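Enquirer: Prediction below, plus the sequence it came from.
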Number of protein chains: 2
Amino acid sequence: MTGIPLPTVQRLIRVLMTLPGVGPRTAQRLAMHVLQLPPLEVQRLVEAIQEARMSVRSCAQCFSMTEDEVCAICRDPQRATGGLCVVEAPLNVWAIERTGAFRGHYHVLMGVLSPLHGVGPEQLKIRELMERLRSGQYQEVVLALNPTVEGEATCTYLAAQIRPLGVRITRLAAGLPMGADIEYVDELTLLRALQGRLDL
Amino acid sequence: MTGIPLPTVQRLIRVLMTLPGVGPRTAQRLAMHVLQLPPLEVQRLVEAIQEARMSVRSCAQCFSMTEDEVCAICRDPQRATGGLCVVEAPLNVWAIERTGAFRGHYHVLMGVLSPLHGVGPEQLKIRELMERLRSGQYQEVVLALNPTVEGEATCTYLAAQIRPLGVRITRLAAGLPMGADIEYVDELTLLRALQGRLDL
């Protein structure tokens, strides 16, 4: 594949290529870098991977990432009376936390519905979401999925499931991102911004 | 930095950001991927890194990468009578090998002269190159450095060093890459192609 006549290097490149966004060229460049690192630096890299992987697990309640059985947000009694915010992945939890604008709990779906990729409701944490909502603890559920085709389809599906419970269902506003130029923003975003226009 | 409240994950992201071409976003995406891998896959990644790093070393003669004391090319008696091809890095050795057009030995400089980055002749394998050339084994030295400002400066420096030894000095041809469109090729490449034009 690469013409590199060293089996262990070929193997390293093949393994690196399984990482997201890493093609043959990037894998080769990463491998060359790692092979020229001092042994101590290699050890540091390897330990960082192992320690992070060993110490991190899914929160038993919201499926976000945590180093404990239940994450700090789920454990915080002050947040139990807020709503429940449904996101796709742990990174989204931390992105929303940075805004400081949501003070409830989260529920990480671990993906979105995607029939083409074999992801149905059973592959996501939807059963667990419904159980949490049925407990009656939450008056509002915020669907904070990405505004993609699959994210929107998942929103529609979840809304239909949740509606019978009588919980208030909201979703993130769609519209112009801050700093955008109307001339360059895509049509669909502009359409959403118009449809969702606000009175001043 | 990332707002991720897990110290081991932060540390992993920081370590990943030391890799070439990996910025904060890529590091975050790689970390999330690794943290969601099954432990066995993590082990496979870590072992591939460790095994490659442990088994690979610099060839004692040409400074290319090898799993032995001296690399296969340097050990091949058939290649001892060809010229000596000077390259920047081990990857370049394998790129030239794939062409099958060079049947001599290599010498890897491990970089190019770059005063701005504190790389002078002492930081490169230039002393070792001169020793090999002084042995009288090579009738020709091919300077196969990248056609960058630093590569060209290094070529000029090396040529001045080597000239007194009376060895034939050549460099790779500069010109249009195959499949190029003259309309889109950069000016300097076109200039070189004109200057180096060949009789038909």
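Expert: On my side now, so go ahead. Numbering: from 1, shown residues only, chains lettered A, B, ... in the order given.
Enquirer: Could you measure from the most centrally placed residue in chain A over to residue A:97?
Expert: Chain A has residue A:89 as the residue nearest its centroid, 1.9 Å off, counting by C-alpha atoms, centre = their mean. According to C-beta to C-beta, to the nearest Å, residue A:89 stands 13 Å off from residue A:97. For the C-beta atoms, the positions are set from N, CA and C on the backbone; glycine is no exception.
Enquirer: Which parts of chain A belong to which domain?
Expert: A:13-55, A:79-171 (automatic domain parsing).
Enquirer: And chain B, is the longest one touching that?
Expert: Yes: for domain A:79-171, a contact with chain B is found by C-beta under 8 Å from any C-beta of the partner chain, at A:89-91, A:94-95, A:97-98.
Enquirer: In chain A, where is pLDDT below threshold?
Expert: A:1-2 (pLDDT under 70).
Enquirer: Can you show me the strands along it?
Expert: Taking DSSP state E, the strands of chain A run over residues A:57-58, A:65-66, A:84-87, A:105-108, A:140-143, A:168-171.
Enquirer: before we move on, back to that, the residues of domain A:79-171 next to chain B in helices, which ones?
Expert: The helices, defined by DSSP state H, take in A:90-91, A:94-95, A:97-98 from the residues of domain A:79-171 next to chain B.
Enquirer: What subset of those is buried?
Expert: A:90-91, A:94, A:97 (16 or more other C-beta atoms under 10 Å in any protein chain shown).
Enquirer: Residue A:105: how many residues sit nearby?
Expert: Residues lying near residue A:105 (other C-beta atoms under 10 Å in any protein chain shown) number 22.
Enquirer: wait, residue A:168
Expert: Using other C-beta under 10 Å, the number of residues around residue A:168 comes to 11.
Enquirer: Just list whatever residues bridge to it.
Expert: Residues in a beta bridge with residue A:168, per DSSP bridges, are residue A:140.
Enquirer: Which parts of chain A are helices?
Expert: Going by DSSP H, chain A shows helices at A:7-16, A:24-35, A:39-55, A:72-75, A:90-99, A:126-134, A:149-162, A:187-195.
Enquirer: which one of those lies closest to residue A:175?
Expert: helix A:187-195 (4.0 Å; C-beta to C-beta).
Enquirer: ok, now which residue in chain A is the farthest from the centroid?
Expert: The C-alpha centroid of chain A is most remote from residue A:5, which lies 39.4 Å away (C-alpha atoms, centre = their mean).
Enquirer: Next up, phi/psi of that one, please.
Expert: phi -80, psi 20 (degrees, to the nearest 10).
Enquirer: Check the contact between it and residue B:72; I expect there is one.
Expert: Yes: using C-beta atoms under 8 Å, residue A:5 is in contact with residue B:72, at 6.7 Å.
Enquirer: Including distance to residue B:51, could the domains of chain A go into CSV?
Expert: Formatted as CSV, the domains of chain A follow (distance: least, C-beta to C-beta, whole Å):
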stretch, distance to residue B:51
domain A:13-55, 10
domain A:79-171, 31
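Enquirer: Which one, of those domains, ends up nearest to residue B:77?
Expert: domain A:13-55 (27.5 Å).
Enquirer: Tell me the gap between the closest one and the middle of its chain.
Expert: Domain A:13-55 has its C-alpha centroid displaced from the chain centroid by 23 Å (C-alpha atoms, centre = their mean, to the nearest Å).
Enquirer: for stretch A:145-162, same thing?
Expert: Remark: stretch A:145-162 is offset 14 Å from the chain centroid, using C-alpha atoms, centre = their mean.
Enquirer: what's in contact with that stretch?
Expert: Applying C-beta atoms under 8 Å, 6 or more residues apart in numbering or on different chains, the contact partners of stretch A:145-162 are A:86-88, A:92, A:109, A:112-114, A:121, A:124, A:126, A:129-130, A:133, A:141, A:143, A:169, A:171-172, A:174, A:192.
Enquirer: Just the CA trace of that stretch, in CSV.
Expert: Provided in CSV are the C-alpha atoms of stretch A:145-162 (Å, rounded to 0.1, in the frame of the first residue of the first chain):
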residue,chain,number,x,y,z
LEU,A,145,-30.0,17.5,18.0
ASN,A,146,-28.0,18.7,15.1
PRO,A,147,-29.9,20.5,12.3
THR,A,148,-29.1,17.7,9.8
VAL,A,149,-31.6,15.6,7.8
GLU,A,150,-31.0,12.7,10.3
GLY,A,151,-31.2,15.0,13.3
GLU,A,152,-34.5,16.4,12.2
ALA,A,153,-35.9,13.0,11.4
THR,A,154,-34.9,11.9,14.9
CYS,A,155,-36.6,15.0,16.4
THR,A,156,-39.8,14.2,14.6
TYR,A,157,-39.6,10.6,15.8
LEU,A,158,-38.9,11.5,19.4
ALA,A,159,-41.6,14.2,19.5
ALA,A,160,-44.2,11.6,18.4
GLN,A,161,-43.0,9.2,21.1
ILE,A,162,-43.0,11.8,23.9
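Enquirer: buried stuff in it?
Expert: A:145-146, A:150-152, A:154-155, A:157-158, A:162.
Enquirer: Also stretch A:50-58?
Expert: Going by neighbour count (16+ other C-beta under 10 Å), the buried part of stretch A:50-58 is A:50, A:52-53, A:56, A:58.
Enquirer: That stretch close to chain B?
Expert: Yes: Stretch A:50-58 is in contact with chain B by C-beta under 8 Å from any C-beta, via A:50-53, A:55-56.
Enquirer: Most widely separated two among the residues of domain A:79-171 next to chain B?
Expert: A:89 and A:98 (14.9 Å).
Enquirer: ok, now which ones touch residue A:197?
Expert: So residue A:197 contacts nothing (C-beta under 8 Å, 6+ apart).
Enquirer: separation between the closest residue to residue A:48 other than its chain neighbours and residue A:65?
Expert: In this structure, residue A:48 finds its nearest non-sequential neighbour in residue B:15, 4.1 Å apart by C-beta to C-beta, 6 or more residues apart in numbering or on different chains. As judged by C-beta to C-beta, residue B:15 and residue A:65 stand 17 Å apart.
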